[in-house]
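>>> need a structure here:
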Amino acid sequence: MTEGPILESERALESGEAVKFLVHLTNTRFLQPFWGRECSLAEAARALEVSKSRMSYWMSKLLELDLIVKLRMEKRGKHQVPIYRSVADVFTVPLEQLPLEWEGGLLERHKRDFDGREQSPVLGALRQDPERWFVRFAMQGEESRLDILPSGGDKTSVPFVSEWGRVRLDKAQASAFQQELLRLVERYGSQTQTEGDYHLFKLLLIEERLDE
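Coordinates of the predicted model:
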């Protein structure tokens, strides 16, 4: 019996071209139908609402970059159809292996991945009950700042929480703050329950470095 291709749960990328491909959302869109699941060319084209010829072009790139692999031929009706899948469920690359000029693009992609999910529900909550909110413009240090806040200041009865700011901390305080945030993520973010609604969260605590 012929063994099939070796699939991995996680693969460390060695090709710079493969990393460059994954950084761009336009490109990764064409990987998504195969990412962690089996799919034919026609199924991928339907899922992305593109022509088979266009899907074939992008699949050639995915195969060339070793991001997908052909698993087998499968009989469907009168035809033998090739079935493909991503070579891994997760792709990783050490940041130190990336050219410096890519770092900005990676951060922008990282930010955009969350912002794209965040924008729709936040706008929906604001538009559903605009009387519950007001916009505040103020100076913070040498820069202006915009905040969207609940009317009356009651943050416990609104559908979302959004906070950011600057605070002076010594190293011990910053470490304690970080550990407390991580405990909250571990307590709630690791839950695997099947009931309830999905909620988005994002945390960032970092020492500010001002350009001199």
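>>> Name the nearest residue to Ser9, sequence neighbours excluded.
Asp89 (5.2 Å; CB to CB, 6 or more residues apart in numbering). The C-beta positions use only the backbone N, C-alpha and C, and glycine is treated the same way.
>>> Quick check: that neighbour touching Leu31?
No. Asp89 is beyond contact range of Leu31, at 11.8 Å (criterion: CB atoms under 8 Å).
>>> Which one's more surrounded, those two?
Leu31 (20 against 14; other CB atoms under 10 Å).
>>> My guess is the more buried one contacts Leu63. True?
No. Leu31 is not in contact with Leu63 according to CB under 8 Å; the separation is 11.2 Å.
>>> domains in the protein, as residue ranges please.
Per automatic domain parsing, the structural domains of the chain span 10-95, 133-190.
>>> Which one of those has the poorest average confidence?
When the domains of the chain are ranked by mean pLDDT, domain 133-190 comes last with a mean of 83.
>>> Break down this structure into its strands, ranges please.
Secondary structure of the chain by DSSP state E: the strands cover 8-12, 68-76, 79-86, 88-92, 133-140, 143-150.
>>> Tell me the buried residues in the second one?
So the one you mean is strand 68-76. 68-69, 71 (16 or more other CB atoms under 10 Å).
>>> Show me which of those residues is closest to Val185.
Nearest to Val185, judged by CB to CB, of the buried residues of strand 68-76 is Ile68 at 32.3 Å.
>>> is that closest one in a bridge, and if so with what?
Here Ile68 shows beta-bridge partners Ser86, assigned using DSSP bridges.
>>> From what I see, it and Tyr84 are in contact.
Yes. Here Ile68 reaches Tyr84: they are 5.0 Å apart, a contact under CB under 8 Å.
>>> Mind giving me the packing neighbours of the longest helix seen in the chain?
Longest helix in the chain by number of residues (criterion: DSSP state H): helix 103-128. Applying 3 or more CB pairs under 8 Å, 6 or more residues apart in numbering; DSSP states H and E, one finds that helix 103-128 contacts helix 16-23.
>>> Since that was my last question, I'll sign off now.
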